[in-house]
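Chemist: could you work out the structure for the sequence below:
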Amino acid sequence: MATIVKRPSGKWQAKVRKDGRTQSRSFLMRADAAKWGVRQS
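Modeler: This next block holds a predicted model:
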């Protein structure tokens, strides 16, 4: 499961914690962030 937050810049950041490590990536659209989060889980 990904955590998705809106950054002050207006971009969306998705964070996924897996095996004790955190991965994150920023996107222009929330839907893209959600899709990435599902793929990383």
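
Chemist: now whichever strand or helix holds residue 36: buried residues?
Modeler: Per DSSP states H and E, residue 36 falls inside helix 30-40. Neighbour-count burial for helix 30-40 flags 33, 36, 37, 40 (criterion: 16 or more other CB atoms under 10 Å). Heads up, the C-betas are built off the backbone N, CA and C, glycines and all.

Chemist: ok, stretch 1-14 next?
Modeler: Buried residues in stretch 1-14, counted by 16+ other CB under 10 Å: 2, 4, 12, 13, 14.

Chemist: name the element the last one belongs to?
Modeler: Using DSSP H and E, residue 14 maps to strand 12-18.

Chemist: contact partners of that strand?
Modeler: Outside of strand 12-18, the residues within contact range by CB atoms under 8 Å, 6 or more residues apart in numbering are 1-7, 22-30, 32-34, 36-37, 40-41.

Chemist: centroid residue for the protein?
Modeler: Closest to where the C-alpha atoms of the chain average out (CA atoms, centre = their mean) is residue 14, at 1.0 Å.

Chemist: with adjacent residues omitted, what lies nearest to that residue?
Modeler: Take residue 14 and drop its neighbours on the chain: the residue closest to it by CB to CB, 6 or more residues apart in numbering is residue 33, 4.0 Å away.

Chemist: gap between the one you found and residue 27?
Modeler: 4 Å (CB to CB, to the nearest Å).

Chemist: what of residue 38?
Modeler: When distance is defined by CB to CB, residue 38 is 13 Å away from residue 27.

Chemist: common neighbours of these two, please.
Modeler: Common contacts of residue 38 and residue 27 (CB under 8 Å, 6+ apart): none found.

Chemist: give me the number of neighbouring residues for residue 21.
Modeler: When counting by other CB atoms under 10 Å, one arrives at 7 neighbours for residue 21.

Chemist: bridging residues for it?
Modeler: Each beta-bridge partner of residue 21 is listed here: residue 18, as defined by DSSP bridges.
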